[in-house]
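**Q** got a sequence here, can you model it:
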Amino acid sequence: MIVLGIESSAHTFGVGIVSDEPPHILADVRFVYKPKTGGIHPKEASQYFVSNASEALRKALSDAGVRISDLDGVAVALGPGIGPCLRVGATLARAIASYYSKPLAPVNHALAHIEIGRLLFSFRNPLVVYLSGGNTLIASFSEGRYRIFGETLDIPLGNFLDTLAREAGIAPPYVVSGLHQIDRCAEEGGRFVELPYVVKGQDVSFSGLLTAALKLIKESRARLNDVCYSAREIAYSAIVEVSERALAHTGNKEVLVVGGVASSPVLRRKFEVMSSLRGVKLGVVPPQYAVDNGVMIAWAGVLLLKHGIQVKPEEAFVKQRWKLDQVDVPWLP
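**A** Okay, here's the model as predicted:
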């Protein structure tokens, strides 16, 4: 089976093509919107996607050495994500599926992050720690779906890092050579300053930490490097704490860290220590596939189509708040 996947949930317009026998990546094309100031501007990002969508599709087909007629299906991320951005990918996918009479797989963006991670590490049933700009949650599979055991009570970890960097005047760009600007800033720090650490059961909260950190910076009551160092250590440690608590609750023997924030080598080291102490296997998705990409959408599409899950093009609606635990996962026992 050869499936083309389209990703457009946030800053990346990605087109991936994969084959399942054996799993093989045939094409991986990405156009990344980079705002000059501030965060993602939905109108600007969607216009950028529209301008580059046809080229992304053309290049992916060329790289894979296939034509649209050779495809066994099309997959598209329908949510969660930014509405105007999602609609660009959905429109292209609907057009291809309709014109060429190809089955269309509706992909949940979070599920795609998990399944590409499971594929890369050959994990069976891991505790999933999903960390990105728009999502922070801890989940595990049970009775047909991934169940959420913990999440952020306010802002996601990636959003916290981006906002702190932007308001501190050290971003954009937010990530340089795979390392977030907060991690870079923290490298020159080392003196811990008191900031809020909020963990409630298996949930985390970062809004108070953000407010307190920005107040210290604004009032010049601590070095910027020390604030970055302290805020990072608190945020990452909170994530590891709730992950370990979830492990104790679920009894999983594998931990899978997915999403763009998984690229942080500092966070990876913390998970390595925790996993070693707990005696569980650890898989941290490498930066190339931790960030948004079309390959993960294509692979999720393979799994969905193999189990008869598809949608009519005219019913492929964007769902900005499509939660992970609303998605059936029939390929897991």
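**Q** now the helix or strand containing residue 51: buried residues?
**A** Under the criterion of DSSP states H and E, residue 51 resides in helix 42-64. Neighbour-count burial for helix 42-64, counted by 16 or more other CB atoms under 10 Å, picks out 45-46, 48-50, 52-53, 56-57, 60-61, 63-64. In this view, the C-beta of every residue, glycine as well, is placed from N, C-alpha and C.
**Q** same deal with stretch 235-255?
**A** By 16+ other CB under 10 Å, the buried positions in stretch 235-255 come out as 235-236, 238-247, 250, 252, 254-255.
**Q** could you do stretch 158-170 as well?
**A** For stretch 158-170, by 16+ other CB under 10 Å, it's 158, 159, 160, 161, 162, 163, 164, 165, 166, 168, 170.
**Q** next: stretch 322-330.
**A** Those would be 322, 323, 324, 327, 329, for stretch 322-330 by 16+ other CB under 10 Å.
**Q** likewise stretch 76-93?
**A** Applying 16+ other CB under 10 Å to stretch 76-93 flags 76-82, 84-93 as buried.
**Q** sort out for me which of those residues are in helices.
**A** If you go by DSSP state H, these have 84, 85, 86, 87, 88, 89, 90, 91, 92, 93 in helices.
**Q** hmm, back to that, who does the helix holding residue 51 touch, helix- and strand-wise?
**A** strand 2-7, strand 12-20, strand 23-32, helix 83-100 (3 or more CB pairs under 8 Å, 6 or more residues apart in numbering; DSSP states H and E).
**Q** mean pLDDT added to the ones you listed, as a markdown table?
**A** Output for the helices and strands packed on helix 42-64, formatted as a markdown table (pLDDT from 0 to 100):
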| stretch | mean pLDDT |
| --- | --- |
| strand 2-7 | 98 |
| strand 12-20 | 97 |
| strand 23-32 | 97 |
| helix 83-100 | 98 |
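**Q** quickly compare those and say which is most buried.
**A** strand 2-7 (a mean of 28; mean count of other CB atoms under 10 Å).
**Q** relative to strand 23-32, how tilted is that strand?
**A** If you take axes from the mean of the first three to the mean of the last three CA atoms, to 10 degrees, strand 2-7 sits at 30 degrees to strand 23-32.
**Q** quick one: strands adjacent to strand 2-7?
**A** strand 12-20 (antiparallel), strand 73-79 (parallel) (DSSP bridges).
**Q** hang on, the earlier thing: the helix holding residue 51 - what's its average pLDDT?
**A** The average pLDDT within helix 42-64 is 98.
**Q** and stretch 263-271, by the same measure?
**A** Stretch 263-271 comes out with an average pLDDT of 93.
**Q** contacting residues around the helix or strand of the chain with the lowest mean pLDDT?
**A** Ranked by mean pLDDT, DSSP states H and E, the weakest helix or strand in the chain is strand 175-176, scoring a mean of 86. For strand 175-176, the surrounding residues in contact (CB atoms under 8 Å, 6 or more residues apart in numbering) are 181, 184, 260, 263.
**Q** recalculate using a threshold of 7 Å.
**A** Identification of contacts with strand 175-176 by CB atoms under 7 Å, 6 or more residues apart in numbering yields residue 184.
**Q** just stretch 18-35 next, same as before
**A** Residues from elsewhere that reach stretch 18-35 (CB under 7 Å, 6+ apart): 1-3, 11-17, 41, 44-45, 48, 52, 56, 59-60, 63-64, 66, 119, 172-173, 293-295, 298-299, 302.
**Q** over to stretch 117-136?
**A** 10, 23, 80, 110, 113-114, 137-141, 146, 151-152, 156-159, 162, 204, 239, 243, 246-247, 250, 252, 254-262, 283, 285, 289, 299.
**Q** among these, which ones are in helices?
**A** Reading helices off these with DSSP H, I get 110, 113-114, 157-159, 162, 239, 243, 246-247, 250, 289, 299.
**Q** what two of these have the greatest distance between them?
**A** 162 and 250 (29.9 Å; CB to CB).
**Q** show me what contacts residue 322?
**A** 78, 79, 80, 108.
**Q** how close does it sit to residue 2?
**A** According to CB to CB, to the nearest Å, residue 322 and residue 2 sit 26 Å apart.
**Q** same thing with residue 331?
**A** 18 Å.
**Q** swap in residue 219?
**A** Taking CB to CB, one finds residue 219 at 58 Å from residue 2.
**Q** mind putting the strands paired with strand 2-7 into TSV with distance to residue 310?
**A** Listed next are the strands paired with strand 2-7 as TSV, based on distance: least, CB to CB, whole Å:
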stretch	distance to residue 310
strand 12-20	16
strand 73-79	7
